[in-house]
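Asks: quick one, what's the 3D model for this:
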Amino acid sequence: MKWWHNEKVSVVWTVFRIWLGIKWFEAGWHKVNDGFDASGFLQGAITKATGEHPAVQGWYAAFLKDFAVPNVELFNFLIPWGEVLVGLGLITGLMTIPALLAGAFMNLNFLMAGTVSTNPILLTVAVILLFTGRGAYFWGADHWIMPYLKQNLLHKKDHHKKAIVV
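Replies: Predicted coordinates for the structure are as follows:
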């Protein structure tokens, strides 16, 4: 067992995971409750792609202009609920790795849209937790659910192979 998978060290990863989850949950919950419209954010990001030293790359601004803006209602739904679900996953330690990947992906997109804020810190914590692997969810729901799923999925897979061979 690697040192970062140790149950005592995993307490540290759990604190970081729950802290990160609370940040995501709070951000999403405010958007869900207060109503969220990404239109202004998207237009602001597109504007940041101009000038001598643009904060947003031209290809990303084109993506925002040609895809995100015409589909703003989709983003108005995906962003707040994605943040809430990432937060819940990280707080409970359920689907931890997918939650970390989704959160990191959102942080990366916010950064590419020219918004620094807390995104570098949140992204860094997510990447560290991804590197710790199961150490990040040793104290979480995945610690009990993942072995159960592996056992049942592998059992069904082996049973399926035997049925085909026979």
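Asks: helix or strand: which one has the residue most central in space within the chain?
Replies: By C-alpha atoms, centre = their mean, the mean C-alpha position of the chain lies nearest to residue 103, the distance being 1.9 Å. According to DSSP states H and E, residue 103 maps onto helix 96-112.
Asks: in that helix, which residues are buried?
Replies: Across helix 96-112, burial judged by 16 or more other C-beta atoms under 10 Å covers 96-97, 99-100, 102-104, 106-107, 109-112. (C-beta placed from N, C-alpha, C; glycine too.)
Asks: turn the residues you listed into JSON lines, including distance to residue 21 and pLDDT.
Replies: JSON lines is the format used below for the buried residues of helix 96-112 (distance: C-beta to C-beta, whole Å; pLDDT from 0 to 100):
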{"residue": "96", "distance to residue 21": "9", "pLDDT": "93"}
{"residue": "97", "distance to residue 21": "13", "pLDDT": "93"}
{"residue": "99", "distance to residue 21": "8", "pLDDT": "97"}
{"residue": "100", "distance to residue 21": "10", "pLDDT": "97"}
{"residue": "102", "distance to residue 21": "12", "pLDDT": "98"}
{"residue": "103", "distance to residue 21": "9", "pLDDT": "97"}
{"residue": "104", "distance to residue 21": "13", "pLDDT": "98"}
{"residue": "106", "distance to residue 21": "13", "pLDDT": "97"}
{"residue": "107", "distance to residue 21": "14", "pLDDT": "97"}
{"residue": "109", "distance to residue 21": "19", "pLDDT": "97"}
{"residue": "110", "distance to residue 21": "17", "pLDDT": "96"}
{"residue": "111", "distance to residue 21": "20", "pLDDT": "97"}
{"residue": "112", "distance to residue 21": "23", "pLDDT": "97"}
